[in-house]
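**Q** Could you look at this predicted model? Sequence included:
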Amino acid sequence: MERDLSGDEGMATVEYALVTVAAAGFAGLLVVILKSNEVRGLLLGILRGALGG
């Protein structure tokens, strides 16, 4: 029994894997950005303004 390797079988799995890797990379970058003091101060200022404090 021969397999036809010309089809797109398994492409969805590869696409899900690529999206997962990209999302993990983006999450890592977001963590690095949010740990900076400048961004933290900016976010705290926005929250204080929104809460009327």
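**A** Sure thing, it's come through.

**Q** Leu34 - nearest residue in space that isn't next to it in sequence?
**A** Excluding the flanking residues, the one nearest Leu34 by C-beta to C-beta, 6 or more residues apart in numbering is Arg40, at 7.0 Å. (Each C-beta comes from the backbone N, C-alpha and C, glycine too.)

**Q** Number of residues surrounding that neighbour?
**A** Neighbourhood size, Arg40 [other C-beta atoms under 10 Å]: 12.

**Q** Hmm, it is touching Ile46, no?
**A** No. Look at Arg40 against Ile46 with C-beta atoms under 8 Å: they stay out of range, at 10.9 Å.

**Q** Against Gly41, how distant is Thr51?
**A** Just so we're on the same page, residue 51 is Leu rather than Thr. Look at Leu51 and Gly41: by C-beta to C-beta, to the nearest Å, they are 16 Å apart.

**Q** cool, and Ala27?
**A** In this view, Ala27 and Gly41 are 22 Å apart by C-beta to C-beta.
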